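[1] structure for this input, please:
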Amino acid sequence: MRTRFGPPVLAGALLLVLALPLWAQRGEAAGTGPVLRLDPDLIRRQAATNLQETVDVNNQTSLMGYIQTFLATHGAEDQEQIVSEITDYCLEHGLRPSPDVAEAFLAMALEARSRGDLAEYRRLARFAAGFHPDHPAVHLALADGARAQDGLFSMDFLFESLFAAAAAFRNPETRAVALANLAVWLRITALLLLAVLALVQCFQYQSLLRHDVKEWLGGGDSRWLEAAGLVVLFLPSLLLLSGYWWIVYWAAVFLFYGRWSERVATLVAVAAVVASGAFVVYTRQVLYLDQAPPHLSNVRCYANRVETGMDGYLGEHIAPMDAERGTYGYLLACRYMLHGSYGKAESLFRSLLTDSPSDAGIYNNLGCLYFYQNRFQEAIQLFTKAIEARSDFAAAFLNRAMAKNKVFDFSGSEEDQAQARRLDPSIFRVHGLHQNEEWTPIPAWLPPRVTLNLAVAKALPTGSLPGGRPGKVLPLLLGPAFSLWLLILPVLSLLFVLTRKKDFFARACFKCGQPFCNRCKTSLEFESFCSQCVHLYIKQDGVSPEARMKKNYEVETHQRLRRTVRVILALAAPGTSHLLDGRPFSALFLLALWLGVLAALFSGPFLFPLAFSIPISTAPLKTLVLLFATALILVLWGLFGVPSALRPPPLPAGRPPARG
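    Below you'll find the model as predicted:
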């Protein structure tokens, strides 16, 4: 029965391993629950600069004027002078970094790219980097230029691509998208890992399972009984075939027969699938909320975005009796402050003081407004009020130190700087303040949790938030498809194993691979061999030549099949041979690396686009992944795949010595 059904079962399992994880991921995306549909064009429209008419001269109109002057200037030295003036303007008005200016230069760079002027493309992209050194799109453009001019393996291309990938996780506007992409990659990797473990154990233990099913149905050599056993074996997965149910079912079933080290490795893979599914739901929640008002406007504050076109809805909640006035009004005043409409910002902040007369953030931001207008004595008074309202406000101490410097109170400035360092040792590093730069005061934005909770409260009644209310662990764990079964089935399998005697399940003969149990084994002296092999190879007593020839043929066939499958698996996925050799934890590590590379190569259709105002191509990131993936594939295949395929399988631990 082993030689009749083993290869078809193995081939079918291999096809399922290759197809089901990606199919399952598609099935999750097309599920019945609320799922985020991220439209790249919609993101670009939300993040794009809205050039609305303004009645006062503000940061937006001033920067637009500088950009227009730059466009009208053709000399390289004159253009660099204008860039220097824009830099000084941004420093004076607290716009450091300046993503809007950086993306304006990126737009010019893309125009030069379309004309085929690669030198100008890279020069303008470097200007953009000067206004926002950590902008992912800026470094993608620099990487694209380096690839076009210096080649695919140039250090500039590799550095800029790596920097763009790292910056995507740091930038507040792209962090959620980068985390969502990471979650999808981890999810596919974990699914593939569990599938491969189930496949290898299917090869190792499927004959034992069929033997036990046959025995549990009464035994005998009836073909009908054999067919009934196979139906019973496959019926649960056939009835519940959906997504990656096959992987879940077989991974749990083969826990009956694996060694304890293999069981632990399988449980680790199960935990990785459950955790990665929860991570996918969590990152989709964050991604959804980052695009939802009013949290979108707060994220734009933290990103230092100047334009206010997408924040017009904030004005609907600033009436004196509005329950959300404190949050929406504060946020709108911050947006006015960034926009450079200082009169509007001051008026709105002072009106909020009537409701919150001891709000340290309002006093601090009013002090910032006066600082920008060179009203340094008034700024010092307001920073002092902020400190009186909150004695541990490190940013207010540092802001007052900057204002005191402007009025030549250097000793007072040094005292305030020292106090700011004591209260927050990381304040200079976090806000990017360097000794060789002109410092500008640090505004107090709304804590992200405030606007996040408002966005959640607005999304929950509509049912549009993936995974329900954030912060609840159970919906995150049970939200993804079949996570509940992943938690239940392995536990039931282990309970079944622990409540049965050691000899309840069948074992396989090491020599010929024949499954046997206590009822069909006449000699219990040698547990690793079946009765026939004990008499033929150990005791060597009274075996006819015909029986010896037949058994030798079975042994040779079994060993040849085992070597062939071992070579195929070792070359197809380095690490599987370690699992066959009884080293499941090293196999788990190697397979995670190998399958992670494959997931990175083939998970492109599931990834969300990075949210950039300027449509910069992410091709450098894909090229970088391809280069690293190819290098890692060659390393793993050369160090572990080929050597494992050529090396003979090791002897099992505790193999009894031959007699005679």
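[2] end to end on stretch 423-433, go ahead and measure it.
    End-to-end distance for stretch 423-433: 16 Å, by Cα to Cα, to the nearest Å.
[3] make that stretch 123-143, sorry
    13 Å.
[4] what are the buried residues along that stretch?
    123-132, 134-143 (16 or more other Cβ atoms under 10 Å). (Glycine included, C-beta is placed from N, CA and C.)
[5] return the distance of that stretch from the chain's centre.
    24 Å (Cα atoms, centre = their mean, to the nearest Å).
[6] what average pLDDT does it get?
    Averaging pLDDT along stretch 123-143 gives 94.
[7] count of neighbours near the nearest residue to residue 287 once chain neighbours are set aside?
    With sequence-adjacent residues excluded and distances taken as Cβ to Cβ, 6 or more residues apart in numbering, residue 287 is closest to residue 176, at 4.3 Å. Look at residue 176: counted by other Cβ atoms under 10 Å, it has 23 neighbours.
[8] double-check residue 176 against residue 285; I have them as touching.
    No. The pair residue 176 / residue 285 is not scored as a contact, 9.2 Å apart, by Cβ atoms under 8 Å.
[9] mind listing what the residue nearest to residue 287 touches?
    283, 286-287, 290 (Cβ atoms under 8 Å, 6 or more residues apart in numbering).
[10] which of those tops the neighbour count?
    residue 283 (25 neighbours).
[11] and the contacts of residue 176, which is closest to residue 73?
    residue 290 (37.6 Å; Cβ to Cβ).
[12] tell me the helix or strand right after the host helix or strand of residue 634.
    Assigned by DSSP states H and E, residue 634 belongs to helix 619-636. Next along the chain after helix 619-636, taking DSSP H and E as the criterion, comes helix 642-646.
[13] for the helix or strand containing residue 451, what is the average pLDDT?
    Assigned by DSSP H and E, residue 451 belongs to helix 448-459. In this model, helix 448-459 has a mean pLDDT of 91.
[14] ditto for stretch 104-116
    For stretch 104-116, the per-residue pLDDT averages 93.
[15] now do stretch 427-444
    79.
[16] buried residues in that stretch?
    427-428, 439-444.
[17] and the residue nearest to residue 287, that one's in a strand?
    No. Secondary structure assignment (DSSP: H, G, I helix; E, B strand; the rest coil) places residue 176 in helix, not in a strand.
[18] what's the helix or strand for the residue nearest the centre of the chain?
    Central residue of the chain (Cα atoms, centre = their mean): residue 182, 1.8 Å from the mean position. Residue 182 is part of helix 175-216 when elements are defined by DSSP H and E.
[19] okay, the angle between that helix and helix 619-636?
    40 degrees (axes from the mean of the first three to the mean of the last three Cα atoms, to 10 degrees).
[20] show me what the mean pLDDT comes to for helix 175-216.
    Mean predicted lDDT for helix 175-216 stands at 85.
[21] what of stretch 621-630?
    89.
[22] what's in contact with that stretch?
    140, 143, 147, 152-153, 158, 161-162, 164-165, 597, 600-601, 604.
[23] re the thing from before, if I look at the residue nearest to residue 287, how far off is residue 299?
    Distance, residue 176 to residue 299, using Cβ to Cβ, to the nearest Å: 9 Å.
[24] list residues touching both of these two?
    residue 290.
[25] now do the contacts for residue 130.
    Here residue 130 is in contact with 83, 87 (Cβ under 8 Å, 6+ apart).
[26] now it: which helix or strand?
    Assigned by DSSP H and E, residue 130 falls in helix 118-131.
[27] after that helix, which helix or strand is next?
    Trace forward from helix 118-131 with DSSP H and E and the next one is helix 136-150.
[28] just how off-centre is that following helix within its chain?
    Distance, centroid of helix 136-150 to centroid of chain: 24 Å (Cα atoms, centre = their mean).
[29] hmm, who's touching that helix?
    Among residues not part of helix 136-150, those counted as contacts by Cβ under 8 Å, 6+ apart are 102-103, 106, 109-110, 113, 118-119, 121-122, 125-126, 128-129, 132, 154, 156-157, 160-161, 163-165, 167-168, 171, 174, 610, 612-614, 616-621, 623-624.
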